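> Give me a 3D structure for the following:
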Amino acid sequence: MFVWAVIRTAACEGHRLIKPTAPSVRPLKRSLPLLTAFLTRRLSVSTRMPEIKTDKLDQKQVQLLSEMCILINEDDKRTGADTKKNCHLNSNIDKGLLHRAFSVFLFNSEEKLLLQQRSDAKITFPGCFTNTCCSHPLYKPEELEEQGAIGVRRAAQRRLEAELGIPMNQVPPEEMTYLTRIHYKAQSDGVWGEHEIDYILFMQKDVELQPDPNEVKSHRYVSKEELKELLEKAKRSEVLITPWFSLIADTFLFKWWDNLQNLKQFMDHDRIHRM
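Modelled structure (predicted):
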């Protein structure tokens, strides 16, 4: 449709260049080269897209940019799909592109929270400390299913294995508690960023860990006091933490953490917290 619109526009503007004369095809024939050149310029300018170079990025992470994320509106209603790459370009985020995501908070039997430090290979927020696992459900049937956020929980199970090497049978979706959703936007650098509605998933389980170094630089379990110390270091710019983890820690996390055995009181599936 776009090409035909340009052709129609070019034809109209080209026609205005032709002075009406007695009925003859000669004036039109003489103007065709001008019209062709005009149309070529219009198409060239209109279809030119900014080129994002990825040759200096980690190639394993670049391959993941082709995964199809779930596009949504601000009410978390599906609107389509697009690549992970397009969803994380600031140029698209500035135009309102929004996708679905999740954040997992995994606690052990001692009620310590598993943190990870994102690897330096990550394209967004490399080297930052964050909660256990943060990623996206993909545009495929098993992760599109919305009843009880089961699709998102399946995606979380998949990524817990991919990032941290946790066997999938140790983190079944039915044992994850879906609490609520947050909507946030943040730039990682001048090219890449995040704009997500983030599903918050809690789980308490002792699990086996074998992190993928391409995903995870380091990991550790922390107590509430140890996390508060880490957050204070981040405020002094001694360490880096992801913006979504900072937002959740500053608002809800410790209240939820104090009630790990009684999380149902905090389940809110109707509201989307704008942060």
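> which residues sit against stretch 70-80?
Applying CB atoms under 8 Å, 6 or more residues apart in numbering, the external contacts of stretch 70-80 come out as 81-82, 87, 97-100, 136-139, 143-144, 181, 183, 197, 272. C-betas here are computed from N, CA, C, even on glycine.
> Filter the residues you listed down to just the buried residues.
81-82, 87, 97-100, 136-139, 143-144, 181, 183, 197, 272 (16 or more other CB atoms under 10 Å).
> which helices and strands does the helix or strand hosting L227 pack with?
Assigned by DSSP states H and E, L227 belongs to helix 224-235. Packing partners of helix 224-235 (3 or more CB pairs under 8 Å, 6 or more residues apart in numbering; DSSP states H and E): strand 113-118, helix 243-251.
> Let me see the mean pLDDT of the helix or strand following the last one.
Scanning the chain past helix 243-251 towards its C-terminal end, the next helix or strand to appear is helix 253-257 (assignment: DSSP H and E). Taken as a whole, helix 253-257 carries a mean pLDDT of 98.
> Tell me the gap between whichever helix or strand comes after helix 253-257 and the middle of its chain.
Note on helix 253-257: by DSSP H and E, the next helix or strand toward the C-terminus is strand 272-274. Offset of strand 272-274 from its chain centre (CA atoms, centre = their mean, to the nearest Å): 16 Å.
> helices and strands around strand 272-274, which ones?
Using 3+ CB pairs under 8 Å, 6+ apart, strand 272-274 sits against strand 177-187.
> Okay, buried residues for the next helix-or-strand element following the strand it packs on please.
Once the chain leaves strand 177-187, the next helix or strand it forms, by DSSP H and E, is strand 193-204. Under the neighbour-count criterion of 16+ other CB under 10 Å, strand 193-204 has 193-204 buried.
> Between those residues, which sits nearest D258?
D258 has its nearest neighbour among these in F202, at 12.4 Å by CB to CB.
> quick one, what contacts that closest one?
The neighbourhood of F202, defined by CB under 8 Å, 6+ apart, consists of 104-105, 107, 176-177, 179, 256, 260, 263.
> same thing with L231?
Contacts of L231 (CB under 8 Å, 6+ apart): 241, 246, 249.
> any idea which of those has the most stuff around it?
I241 (22 neighbours; other CB atoms under 10 Å).
> Report the beta-bridge partners for that residue.
On the basis of DSSP bridges, I241 is bridged to F129.
> Return the distance of it relative to E232.
11 Å (CB to CB, to the nearest Å).
> go on, Q63?
37 Å.
> Also P126?
22 Å.
> Check G80 too.
On the measure of CB to CB, G80 and E232 end up 42 Å apart.
> Likewise for M267?
30 Å.
> about what we covered before: out of P126 and E232, which sits in the more crowded spot?
For P126 versus E232, the count of surrounding residues by other CB under 10 Å is larger for P126: 17 against 11.
> any idea which element the more buried one lies in?
Per DSSP H and E, there is no helix or strand for P126.
> That one contacts S119, doesn't it?
Yes. Counting by CB atoms under 8 Å, S119 is a contact partner of P126 at 6.7 Å.
> In the stretch 51-200 of the chain, what residue spans correspond to helices?
In the stretch 51-200 of the chain, the segments counted as helices under DSSP state H, counting those that start in this stretch are 59-64, 84-87, 90-93, 141-144, 150-164.
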